[in-house]
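> Build me a structure from this.
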Amino acid sequence: MYKKPFTDKGSSSFSKKPLKKFSKPSGGSFAVKPGSKPAYKSYGKPTGKPFGRKPFKNFSKPKGRRGQFIDVSKFINKAVITEEVEHFKPEHAFADFKVVDALKTAVIKKGYELPTPIQDRAIPHVLKGEDLVGIANTGTGKTAAFLIPLINKVLLNRKEQVLVIVPTRELAQQIETELLAFTPGMRIFSVCCVGGAPIGKQISLLRYEYNFIIGTPGRLKDLIDRKMIKLAEFQTLVLDEADRMLDMGFVHDMRAVMAGMPKERQTLFFSATLSQDIEKLISEFLHEPVRISVKTQDTAKSVDQDVVRLKHGDNKLDILHDLLNQKEFSKVLIFGRTKHGVEKLSKMLEERGFKAQSIHGDKNQSKRQQALALFKGGHSQILVATDVAARGLDIADVTHVINYDIPETYDDYVHRIGRTGRGGKAGKALTFIE
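Next up is the predicted model:
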């Protein structure tokens with residue numbers, strides 16, 4: 001367990017009043033078992049209903065808003081350096097893939113030599129035009145696994161149009177950035193269609209020639225309804241982070257898009273998890289897909305996971321402050337539960353002298369991009385985020401992920417901590433337990 005550093009309780013003006021706060025139901029991270037007595041007599045009589053932020057007697061069952069109990073032991077997993085990745089022997093090198101010479105040169109120029117497991121196994125099937133289901137942990141190179149063969153598809157047929165659907169605007173922008181890096185001078189054009197950005201500009205770009213549309217379900221459906229996107233023209237579809245889109249309630253928008261596309265198409269489906277609902281979507285959307293799974297476990301072995309236990313009377317912000325002052329906490333992603341809480345925490349950290357940015361749904365697109373750019377570029381030590389950033393964001397060298405608020409579900413936890421320890425590098429994840 002992570003040892004709490006010494007803090008000077010008298011120095012902070014942000015001290016909490018735990019008993020007062022615990023006395024009100026808040027729908028937070030802890031609940032009392034129905035019919036059991038509360039942890040402290042001063043909380044009043046039990047009603048049989050869950051009370052927000054009330055701990056169990058043994059503090060062992062944190063609970064998210066969706067009602068999923070997460071055993072604390074799942075937040076503790078010491079990183080084990082194994083030789084599995086080092087001993088992975090790909091069947092191909094990037095130079096061996098049967099793609100156009102210009103693309104092969106661009107890929108190698110980017111420094112790609114040997115493919116990751118998902119790239120090694122998926123690219124040959126995508127090049128053959130087969131439907132594919134790819135199950136892989138986050139940070140394993142899924143984007144290149146579909147972009148490289150699909151760019152080749154476009155180079156062989158300039159009339160080919162590809163639709164890529166993702167859950168968040170940040171992921172859409174990252175994919176477009178990677179697409180541009182793979183296609184210098186190739187006259188392959190793309191349009192990024194996401195909410196939070198001016199729709200007028202996207203409508204204008206859609207009037208010109210393009211081969212790729214990369215977007216989020218809600219904005220895509222809006223543009224389809226405006227007849228700016230003609231689904232019948234697309235022969236290729238990519239659904240990336242499909243499990244997250246399902247979690248975010250985009251299933252109806254996804255089905256609406258699929259209904260307008262040709263039945264004869266190539267569909268690529270990528271997900272980090274495989275539930276019954278995901279299996280149902282696969283059966284609806286894909287035709288005899290090749291299944292590839294390179295997922296070894298829920299969380300990366302390179303991420304050292306531990307908890308920070310708060311005792312009665314501890315000041316959570318003071319403890320976070322002391323952690324962030326340690327030298328090794330050089331690039332830290334902190335997750336909070338609500339937009340308001342994330343913004344408030346970011347401002348409080350700035351008041352304490354830290355270089356902190358925030359990203360959440362209430363920020364417009366330009367401010368979110370600015371916050372990400374400052375964090376990625378090393379100009380800010382800290383990025384405080386809601387779960388909107390939990391999936392898809394590829395930020396290099398994040399040293400620590402801190403769950404300031406417990407995630408709603410274990411899947412959310414997996415994707416939060418997947419922002420560190422990427423590409424086999426070591427990372428650390430800490431979860432505050434009250």
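
> Now do the strands in the chain.
Counting by DSSP state E, one finds strands in the chain at the ranges 132-135, 162-165, 190-193, 212-215, 236-239, 266-271, 290-293, 303-309, 332-335, 356-359, 382-385, 400-403, 427-433.

> Can you tell me which of these is nearest to E343?
strand 356-359 (5.3 Å; Cβ to Cβ). Quick note: C-beta positions are derived from backbone N, CA and C, even for glycine.

> what pairs with that closest one, and is each one parallel or antiparallel?
Sheet pairing of strand 356-359 (DSSP bridges) gives strand 382-385 (parallel).

> would you list the strands of the chain in TSV and tack on mean pLDDT, distance to M245 and mean neighbour count?
Converted to TSV, these look like this (pLDDT from 0 to 100; distance: least, Cβ to Cβ, whole Å; neighbours: other Cβ atoms under 10 Å):
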stretch	mean pLDDT	distance to M245	mean neighbour count
strand 132-135	92	15	24
strand 162-165	98	7	24
strand 190-193	97	15	22
strand 212-215	98	12	24
strand 236-239	96	7	24
strand 266-271	94	9	23
strand 290-293	91	19	16
strand 303-309	90	24	20
strand 332-335	95	20	26
strand 356-359	94	19	25
strand 382-385	94	19	26
strand 400-403	94	22	25
strand 427-433	92	24	24
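
> which regions of the stretch 101-250 of the chain lie under the pLDDT threshold?
Residue ranges of the stretch 101-250 of the chain with pLDDT under 70: 138.

> same thing but at 80, please
137-140, 247-248 (pLDDT under 80).

> All the helices of it, residue numbers only.
Using DSSP state H, counting those that start in this stretch, the helices of the stretch 101-250 of the chain run over residues 101-109, 117-127, 142-156, 169-182, 199-206, 217-225, 242-247.

> Run the angle between the third one and helix 101-109 for me.
For helix 142-156 against helix 101-109, the angle by axes from the mean of the first three to the mean of the last three Cα atoms, to 10 degrees is 160 degrees.

> And for helix 142-156, what's in contact with it?
Applying Cβ atoms under 8 Å, 6 or more residues apart in numbering, the contact partners of helix 142-156 are 94, 97, 99-100, 102-103, 107, 112, 115-116, 118-119, 122-123, 126-127, 129, 134, 136, 160, 162, 164, 174-175, 178-179, 182-183, 186, 188, 211-212, 236, 238, 240, 268, 270, 394.

> Now which of those residues would you call buried?
94, 97, 99, 103, 107, 112, 115-116, 118-119, 122-123, 126-127, 134, 136, 160, 162, 164, 174-175, 178-179, 182-183, 186, 188, 211-212, 236, 238, 240, 268, 270, 394 (16 or more other Cβ atoms under 10 Å).

> and of the helices of the stretch 101-250 of the chain, who's closest to K331?
The closest of the helices of the stretch 101-250 of the chain to K331 is helix 169-182. By Cβ to Cβ, the value is 16.9 Å.

> chain center to that closest one: distance?
Its chain's average C-alpha position is 15 Å from that of helix 169-182, according to Cα atoms, centre = their mean, to the nearest Å.

> so what does that helix touch, helix or strand wise?
Using 3 or more Cβ pairs under 8 Å, 6 or more residues apart in numbering; DSSP states H and E as the contact test, the elements touching helix 169-182 are helix 101-109, helix 142-156, strand 190-193, strand 212-215, helix 365-376.

> Now render the ones you listed as CSV, adding distance to Q305.
Output for the helices and strands packed on helix 169-182, formatted as CSV (distance: least, Cβ to Cβ, whole Å):
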stretch, distance to Q305
helix 101-109, 34
helix 142-156, 23
strand 190-193, 34
strand 212-215, 32
helix 365-376, 22
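
> Could you point out which of those sits nearest G421?
Per Cβ to Cβ, nearest to G421 of the helices and strands packed on helix 169-182: helix 142-156, 16.2 Å.

> so how far is the closest one off the chain centroid?
Chain-centre distance of helix 142-156: 22 Å, with Cα atoms, centre = their mean.

> Can you check what angle separates that helix from strand 266-271?
Using the same axes, to 10 degrees: helix 142-156 against strand 266-271 is 170 degrees.
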